[in-house]
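*Asks:* Output the structure for:
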Amino acid sequence: MPQAERAWSPVRLPLALGGASTLRAKRSAYTAVPLGYALPASSSAGHQQPPKNKHVATMQHNPVRGIFYLCMGVLVFSLQDAIIKQVSGAYALTEVVFIRSCVAAPILLTLVWRESGWRALFASHLGTLVLRATVMFGAYAAYYMAFPALPLADAVALYFTVPLFVTALAGPMLGERNGWPVWAAVLLGFVGVMVMLQPGTGLFNPAALLSLLAAVFYGLAMLMARKHGSSLSAAVMGFYQNAVFLVGAGLVALLLHLLGIEHAVHPSIAFVVRSWSVPTLFDGLLIGLCGVVASAGIMLLTSAYRVARASTVTPFEYTGILWAPLWGFLFFDEVPRATTVAGAAVIVVAGLIALRMAKSDTESETPSAIDLPDQALVETGCSARGNPP
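*Replies:* Numbers count the residues shown, from 1 in each chain. The predicted structure is shown next:
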């Protein structure tokens, strides 16, 4: 396997959190020709031979538009987090995910039909798809469970540690090596986590561990995509992931009902075990809106990675940390603590350092590939913000 495919780089791993995903959007931004091939101009001489360097792709680069699209996509996905936190005190998480997935299903079917045709649904990698989607189901269950017990800014900022966990796990899982500057950035990021968590003090909330657990699960899903990359389209990946979320939510709700578990003291646990109820018209529209919001986010993120280089727009995915405290203040009267602001700042700095160091390493090894997404991750629709559609 070429070195360019073997080395993981955070530059190729968008950091925004959250519904269908950024790299899944990246996958849709590329044409059906092999990665690195430019579409030849029509010529009477017949078919032209592709360039020898498969890592060179002809892409437009409009950084202003790309940054605008990406920031708007991150903003759209942040609204989804606020909606789920809003309904977390009255409805069950399984009900929210179930309704959201039902709304998303026809949208995804339409995307599959437009992108690949119905035959693409009969995937040859069904086992890998289901396994990875199951891991992501656990990631998002943990992520959403943190919302009722934590300020929105804390839950989102802690989840931004996904790239740090990916870096730490890439060695034992994939045998990849990172230089000491990257590891120093990882350690710096976890210092920021400790600043936010304040372990050993009366301010520590165990629900914060749910956001970190979600980051670990999502990191595992990313590495599974890296290890078991396939040629499936983004829409097909989204369809199967949405199906697993729909079935998983229904099965968990049925199991809890059969066991008679309907009440819990801790708000995070109560969000899961609460029995289903018919939502009001307003709440039902809010929950269903999540599927539409995710679809809009996909289009914006797709546009971002279509019109600009990944290394240009990826750092702006950290703007998600700006929206979370704003929605927390406007909708939930949450004022971020000083430790939250300081810890989030450290996490952002650590992530940007890791991006820069990984970019430098990649440039020294494969300079022509730095602005191209990692092929395995792109083809399997992986991202750090990847809320299912």
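
*Asks:* Please enumerate the helices of the stretch 1-150 of the chain.
*Replies:* 3-6, 22-28, 63-87, 93-115, 126-145 (DSSP state H, counting those that start in this stretch).

*Asks:* Quick check: which of these is nearest to residue 352?
*Replies:* helix 63-87 (15.0 Å; CB to CB). (C-beta placed from N, C-alpha, C; glycine too.)

*Asks:* Now the closest one: buried residues?
*Replies:* Neighbour-count burial for helix 63-87 flags 65-87 (criterion: 16 or more other CB atoms under 10 Å).

*Asks:* secondary structure class for residue 341?
*Replies:* Reducing the assignment at residue 341 to three states with DSSP: H, G, I helix; E, B strand; the rest coil gives helix.

*Asks:* Flag the shaky bits of the stretch 101-250 of the chain, pLDDT-wise.
*Replies:* Low-confidence segments of the stretch 101-250 of the chain (pLDDT under 70): 123-124, 199-203, 226-235.

*Asks:* Next, work out how far apart residue 196 and residue 307 are.
*Replies:* To residue 307, residue 196 is 35 Å away according to CB to CB, to the nearest Å.

*Asks:* tell me the secondary structure for the closest residue to residue 257 other than its chain neighbours?
*Replies:* Nearest residue to residue 257 in three dimensions, chain neighbours excluded: residue 275, at 7.0 Å (CB to CB, 6 or more residues apart in numbering). Per three-state DSSP, the secondary structure class of residue 275 is coil.

*Asks:* residue contacts, residue 275?
*Replies:* Residue 275 is in contact with 92, 257, 262, counting by CB atoms under 8 Å, 6 or more residues apart in numbering.

*Asks:* Identify the residues contacting the last one.
*Replies:* In this case it means residue 262. Residues counted as contacts of residue 262 (CB under 8 Å, 6+ apart) are 256, 273-275.

*Asks:* Please apply the same query to residue 69.
*Replies:* 300-301, 303-304, 307, 313.

*Asks:* quick one: which of the residues you listed is most hemmed in?
*Replies:* residue 301 (32 neighbours; other CB atoms under 10 Å).

*Asks:* how close does that residue get to residue 99?
*Replies:* Computed as CB to CB, the residue 301 to residue 99 distance reads 23 Å.

*Asks:* Check residue 62 too.
*Replies:* 37 Å.

*Asks:* cool, and residue 93?
*Replies:* In terms of CB to CB, residue 93 sits 11 Å off from residue 99.

*Asks:* do the same with residue 120
*Replies:* 26 Å.

*Asks:* the more surrounded of the two?
*Replies:* Neighbours were counted for residue 120 and for residue 99 using other CB under 10 Å; residue 99 has more, 23 against 15.

*Asks:* what's the closest non-adjacent residue to the more buried one?
*Replies:* Here the residue nearest residue 99, using CB to CB, 6+ apart, is residue 287, at 4.8 Å.

*Asks:* What count of nearby residues applies to that neighbour?
*Replies:* So residue 287, with other CB under 10 Å, has 23 neighbours.

*Asks:* so which helix or strand takes in residue 344?
*Replies:* Using DSSP states H and E, residue 344 sits within helix 338-365.

*Asks:* what is the rounded mean pLDDT of that helix?
*Replies:* Taken as a whole, helix 338-365 has an average pLDDT of 73.

*Asks:* heads up, I number from 339, so please use that
*Replies:* Noted, 339 is the first residue going forward, which turns the last one into helix 676-703.

*Asks:* which residues touch residue 473?
*Replies:* 555, 558-559, 562.

*Asks:* By neighbours, which of these wins?
*Replies:* Counting by other CB under 10 Å, top hit in these: residue 559 with 26 neighbours.

*Asks:* can you pull the contacts of residue 459?
*Replies:* Counting by CB under 8 Å, 6+ apart, residue 459 touches 450, 574, 577.
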